[in-house]
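>>> Fold the following and give me the result.
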Amino acid sequence: MTQLVRTARELAAAVPSPNPAGRPRVAVVMTMGALHEGHATLIRTARERVPDGRVVVTVFVNPLQFGPGEDLDRYPRTLDADLEVARAAGADVVFAPSVAEVYPGGEPRVRITAGPMGERYEGASRPGHFDGMLTVVAKLLHLTRPDVAFFGQKDAQQLALIRRMAADLNFGVEIAAVPTVREPDGLALSSRNRYLTAAERTRALVLSRALFAGRDAVPHGPAAVRAAAADVLFGADGVGLDYLALIDPADFTEAPDDHTGPAVLAVAATVGTTRLIDNIPLEFPPDVAHRPRQAELGAAR
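This is a model prediction of the structure:
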């Protein structure tokens, strides 16, 4: 039975203290609710990692990471449905605090800053977003006291910054990545997909098609990857492109044409009134045989 807790005191009672010997391992999955199959995959992965431990899911729409004019007020809040998704995926505890519980004195005067790495790409489009995100992640890590925290690769810059924060500030928690979950047609799962009309959802498929085209060009190098993705994306009807970039995940700078090692091909665009992001991890030169698109789509489910 999944336990719903609303306060830090209730959470402390539900999750074992890290002090006593023999404490079971604790895994956390942080969400803003509106849970879908991507979140369920994170929870199931956490359950597999700590089969005899405790899996905590946080559900909190963090106002610090929404800028003026963004969708804080209309962001979906579906706690009853979220509890069912979490229960079915194997969560032991759902921590769903109020804003007043997380920020009892109002907005915190001291925050974690993402620095230059958080000012690029998503950070440039959403100033202050990553400072707010890191601040709440840090607070939730302190409250849940996990051994391992799971985050999706779909939010690649967020994942990179959380890893950097945990390493730079000695959080002592493992940050584990889980691959993006996609619909059979390639659309990356997102809580914001529900904002899309049927026609807009069809137009949004150009994002994943561009990423797959870039992936197909990996054997020809970074410049070819950028060109292949751009050929698909630029001029797409009804899609307002924010950025398309091939990124070095170590510092989230643009990967040069002679880049070797891991990279992230990332895209952000507005479809209708909905801003969507997607990315795909790549390796230069490719270290495995290239897989056809349909095989990848099937594996992502």
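>>> Could you tell me how many residues sit around A138?
Using other Cβ atoms under 10 Å, A138 is surrounded by 17 other residues. C-beta: built from backbone N, CA, C; applies to glycine.
>>> does it sit in a helix, a strand or a coil?
Three-state call for A138 (DSSP: H, G, I helix; E, B strand; the rest coil): helix.
>>> so who does it touch?
I112, M165, L169, F171 (Cβ atoms under 8 Å, 6 or more residues apart in numbering).
>>> Swap in 10 Å and give it another go.
Residues near A138 by Cβ atoms under 10 Å, 6 or more residues apart in numbering: R111, I112, I162, M165, A166, L169, F171.
>>> where in the stretch 151-300 of the chain is pLDDT low?
Applying pLDDT under 70 to the stretch 151-300 of the chain flags residues 287-300.
>>> Would you map the helices across the chain?
Ranges of helices in the chain, per DSSP state H, are 8-14, 37-49, 79-89, 99-102, 122-125, 129-144, 156-168, 198-216, 222-233, 293-300.
>>> relative to helix 79-89, how tilted is the second one?
With axes from the mean of the first three to the mean of the last three Cα atoms, to 10 degrees applied, the angle from helix 37-49 to helix 79-89 works out at 40 degrees.
>>> and this protein, what are its domains?
3-178, 193-282 (the TED database).
>>> Take the ones you listed and write them to TSV, including distance to L187.
Output for these, formatted as TSV (distance: least, Cβ to Cβ, whole Å):
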stretch	distance to L187
domain 3-178	11
domain 193-282	6
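>>> Out of the ones you listed, flag the one nearest G186.
The closest of the domains of the chain to G186 is domain 193-282. By Cβ to Cβ, the value is 3.7 Å.
>>> tell me, how many neighbours does L233 end up with?
20.
>>> which of the contacts of A138 are buried?
Buried by 16 or more other Cβ atoms under 10 Å: I112, I162, M165, A166, F171, out of these.
>>> which among those residues gets closest to T270?
Using Cβ to Cβ, the buried ones among the contacts of A138 come closest to T270 at I162, 25.2 Å.
>>> Tell me, how many residues neighbour A236?
Counted with other Cβ under 10 Å, A236 comes out at 18.
>>> S190 is nearest to which of the helices of the chain?
Of these, nearest to S190 by Cβ to Cβ is helix 37-49, at 7.6 Å.
>>> Any buried residues in the closest one, and which?
G38, H39, A40, T41, L42, I43, R44, T45, A46, R47, R49.
>>> of those, closest to G272?
Lowest distance from G272 to the buried residues of helix 37-49 (Cβ to Cβ) belongs to G38, with 21.0 Å.
>>> and the gap between L64 and D82?
Relative to D82, L64 is positioned 21 Å away (Cβ to Cβ, to the nearest Å).
>>> Same drill for these two, tell me which one is more crowded.
More crowded of L64 and D82, by other Cβ under 10 Å: D82, with 24 against 19.
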